[in-house]
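In: Below are the sequence and a predicted model; questions follow.
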Amino acid sequence: MAGAQRVRVEAGRNGSIVVIRPGGPCTVAICGAVLNFLKKICVAETSDIYFDLSRAQGIDSTFTGFLVALVTTESDSPIPAIHLLAPSKPVVTALERMFVLGLFDVVEEMAQSPADWQEVEPAPVSPDGLSDLVIQAHQELINADQRNAPAFRTLVATLRASQKRKSDRS
């Protein structure tokens, strides 16, 4: 992604509520940063996570699959509820095209937004980690709605075959 502009991602907390707010396109480029941030927050102290997508200029299939995984993953321990806050029109359109908008609790506003925001540290993902992330995200989209299979099946199969070739050489 040479020459690509880094997207600023901010996070704020209001009691047990965490808000994550990207300030540009929601793409594979910010998945690592968001994932690292989510791993650092104390789940026991977090009841809800809001993704404020009001400033998002768009959303790619990898970030969408990443969000789908957050709302569909089953866990034995309590996990915070995931919400989309005021998604922009391009985001809503993309979620509709990928047949997953209905999986999300979409709210237009919060009773009280966090007062203090901090920048989420960028987190580069290794090539192998990136491949795993893209495969998992697109498999989540296929699992969420089989209408996504024609669009993403070949990508998943190609990346898996590439990973297998690479591991066979090791």
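Out: Sure thing, it's come through.

In: contacts, neighbours, all on C-alpha from now
Out: Will do.

In: Show me where this structure has its helices.
Out: 28-40, 61-72, 89-97, 127-144, 149-169 (DSSP state H).

In: Would you convert those into CSV that also reports mean neighbour count?
Out: Converted to CSV, the helices of the chain look like this (neighbours: other C-alpha atoms under 10 Å):
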stretch, mean neighbour count
helix 28-40, 17
helix 61-72, 21
helix 89-97, 17
helix 127-144, 19
helix 149-169, 13
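
In: For residue 17, which of the ones you listed is the nearest?
Out: helix 28-40 (12.5 Å; C-alpha to C-alpha).

In: Now do that closest one against helix 61-72, angle only.
Out: 30 degrees (axes from the mean of the first three to the mean of the last three C-alpha atoms, to 10 degrees).

In: tell me what helix 28-40 is packed against?
Out: helix 61-72 (3 or more C-alpha pairs under 8 Å, 6 or more residues apart in numbering; DSSP states H and E).

In: How about residues contacting the helix it packs on?
Out: Helix 61-72 has contacts (C-alpha atoms under 8 Å, 6 or more residues apart in numbering) with 26-28, 30-31, 81-82, 95, 98, 100, 103-104, 133-134, 136-141, 144.

In: 6 Å instead, please
Out: 27-28, 134, 137-138, 140-141 (C-alpha atoms under 6 Å, 6 or more residues apart in numbering).

In: now it against helix 127-144, angle please.
Out: Going by the same axes, to 10 degrees, helix 61-72 makes 60 degrees with helix 127-144.

In: tell me the mean pLDDT for helix 61-72?
Out: Averaging pLDDT along helix 61-72 gives 96.

In: oh, and call the first residue 50 from now on, that's how I've got it
Out: Sure, I'll start numbering at 50, so the last one becomes helix 110-121.

In: hey, C-alpha coordinates of it in PDB?
Out: Extracted as PDB, the C-alpha positions of helix 110-121 are listed here (Å, rounded to 0.1, in the frame of the first residue of the first chain):
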ATOM      1  CA  SER A 110     -14.800  -6.700   2.800                       C
ATOM      2  CA  THR A 111     -12.000  -7.600   5.100                       C
ATOM      3  CA  PHE A 112     -13.000  -5.000   7.800                       C
ATOM      4  CA  THR A 113     -16.600  -6.100   7.300                       C
ATOM      5  CA  GLY A 114     -15.700  -9.800   7.900                       C
ATOM      6  CA  PHE A 115     -13.700  -8.700  10.900                       C
ATOM      7  CA  LEU A 116     -16.800  -7.000  12.400                       C
ATOM      8  CA  VAL A 117     -18.900 -10.000  11.500                       C
ATOM      9  CA  ALA A 118     -16.500 -12.200  13.400                       C
ATOM     10  CA  LEU A 119     -16.900 -10.000  16.500                       C
ATOM     11  CA  VAL A 120     -20.700 -10.300  16.400                       C
ATOM     12  CA  THR A 121     -21.000 -13.900  15.500                       C
END
